[in-house]
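K.L.:
I would like the atomic coordinates for the input below:
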Amino acid sequence: MKILIAGGAGYVGSVLVPRLLDRGYEVDVLDLFWFGNHLPSETGIIRKDIFDITVADLEQYQQVVFLAGLSNDPMAEFSPSENFIFNAAAPAYLAYVAKKAKVKRYVYASSCSVYGYTVNELFDETRPVSSFYPYGISKLQGEQAAMNLVDDEFSVISLRKGTISGYSPRMRLDLIVNTMFKNGVRNREITVNNPSIWRPIMSIEDATNAYVRAIEASQKISGIFNIASGNYTVGEVGDLVKMAIEEQLGIRVHLTINHKTDFRNYKVSIEKAENVLSFHPNHNVKAIVKNLIENMDKFKDWDNPQYYNIETLKLLSATNSLRALAEVAR
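P.N.:
Sure thing, here's the model as predicted:
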């Protein structure tokens, strides 16, 4: 099988691509490489804007995976207009072209952010979505556009992911567990802004496994799937990261608790993914911290803007619009 991964040079793709290559797949990555290239040498590289992709470009692939776009709330709020282009229009366009090219399956990287703010309820995929901020809205729009194209010849699997953390060769330190880990190790302090808020947390290994399960699922399967390693309050995440650092590194970490308002609060059921995709998570928060400690020497430049998506976006935007950057990269 030959697979195209849009945005495959990013945080998740830099772990997923080697995994797919090890399983014998031929993998090409379509990316503008804003965050560098940390991919294996045998990866096919296509430095191109998604909106320049044609039907002819995709006719050689059996599956297309969409990992591209602006990846979190700070990026979306920094440029809401570009957020809707990259997170809603781009996946819709790529899915449309993929179907016309007779690609068999389209895997879309959605987000549990689409659920917005819920009150102490476990949400499955049938529950209403209520996001009212740019990132969550745009991820839902991209998902809906792709799902509208499903038929007997074109499978679409949308993975609504929890917040991912853990080590990647394209490292990020702006994700909940990674941020707490950085602050705990460097500053000996972890700050929790709202301990009562719920989040589905996901290790990068479990995220990679979910994409493998989606790619290798029966062609007859389409649908939306919640995926996460587990549901935690942010206060519990802080406690677990603190304990793991103290246990594994032998350093004392102080926990600071604030009570700031948050517009996101959700916990999700992954039963459908377990039963249909055979997705079974294997990593909890302490395992994520263990993974970070084992790879800590590879990202000890804590202030590197490449580790913070919003900082890199600001640097890129200082002289060009994001769309102009896409033009430059062609």
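
K.L.:
what's around E294, how many residues?
P.N.:
By other Cβ atoms under 10 Å, 11 other residues sit near E294. To be clear about C-beta, it is placed using only N, CA and C from the backbone, and glycine gets the same treatment.

K.L.:
Just to check, it is in contact with Y167?
P.N.:
Yes: using Cβ atoms under 8 Å, E294 is in contact with Y167, at 7.4 Å.

K.L.:
what do those two both touch?
P.N.:
Shared contacts of E294 and Y167 (Cβ atoms under 8 Å, 6 or more residues apart in numbering): none.

K.L.:
low pLDDT regions in the stretch 101-250 of the chain?
P.N.:
In the prediction, the stretch 101-250 of the chain carries no residues with pLDDT under 70.

K.L.:
Phi, psi for D239 please.
P.N.:
phi -60, psi -40 (degrees, to the nearest 10).

K.L.:
The one 10 residues further on now?
P.N.:
Comment: the main-chain dihedrals of L249 come out as phi -110, psi -10, following degrees, to the nearest 10.

K.L.:
How about the one 10 residues further on?
P.N.:
Geometry field for H259 lists phi and psi as phi -130, psi 70, criterion degrees, to the nearest 10.

K.L.:
That one and N194 touch, don't they?
P.N.:
Yes: counting by Cβ under 8 Å, H259 touches N194, with 6.2 Å between them.

K.L.:
These two: which is more packed in?
P.N.:
Neighbour tally, H259 and N194, criterion other Cβ under 10 Å: the higher count belongs to N194, 16 against 10.

K.L.:
what secondary structure does the more buried one sit in?
P.N.:
coil (DSSP: H, G, I helix; E, B strand; the rest coil).

K.L.:
Not counting sequence-adjacent ones, nearest residue to it?
P.N.:
D262 (4.9 Å; Cβ to Cβ, 6 or more residues apart in numbering).

K.L.:
Now the terminal residues of stretch 223-234, how far apart.
P.N.:
Terminal residues of stretch 223-234 are spaced 29 Å apart (Cα to Cα, to the nearest Å).

K.L.:
Equivalent analysis for stretch 153-170, please.
P.N.:
35 Å.

K.L.:
likewise stretch 31-43?
P.N.:
Using Cα to Cα, the two ends of stretch 31-43 sit 12 Å apart.

K.L.:
Show residues contacting it.
P.N.:
Contacts to stretch 31-43, defined as Cβ under 8 Å, 6+ apart, come from residues 6-10, 13-14, 17-18, 21, 27-29, 45-49, 68, 168-170, 306, 309, 312-313, 316, 325-326, 329.

K.L.:
before we move on, what about stretch 216-229?
P.N.:
104-105, 110, 112, 123-125, 143, 147, 150, 155-162, 200-203, 206-207, 210, 214, 268-270, 272-273, 276-277, 279, 281-285, 288.

K.L.:
Going by neighbour count, which of the residues you listed are buried?
P.N.:
Neighbour counting with 16 or more other Cβ atoms under 10 Å marks 105, 110, 112, 123, 125, 143, 147, 150, 155-162, 200-203, 206-207, 210, 214, 268-270, 272-273, 277, 279, 281, 283-285, 288 as buried within these.

K.L.:
can you tell me how far G142 sits from A9?
P.N.:
19 Å (Cβ to Cβ, to the nearest Å).

K.L.:
Please identify which of those two sits among more neighbours.
P.N.:
G142 (30 against 26).

K.L.:
need the contact list for P91.
P.N.:
Applying Cβ under 8 Å, 6+ apart, the residues contacting P91 are 66, 68-69, 108, 142-143, 145-146.

K.L.:
Pipe the residues you listed into a markdown table and attach distance to Y96 per row.
P.N.:
Putting the contacts of P91 into a markdown table (distance: Cβ to Cβ, whole Å) gives the following:
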| residue | distance to Y96 |
| --- | --- |
| F66 | 12 |
| A68 | 15 |
| G69 | 16 |
| Y108 | 13 |
| G142 | 12 |
| E143 | 14 |
| A145 | 8 |
| A146 | 9 |
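
K.L.:
I'm done for today, thanks for sticking with me.
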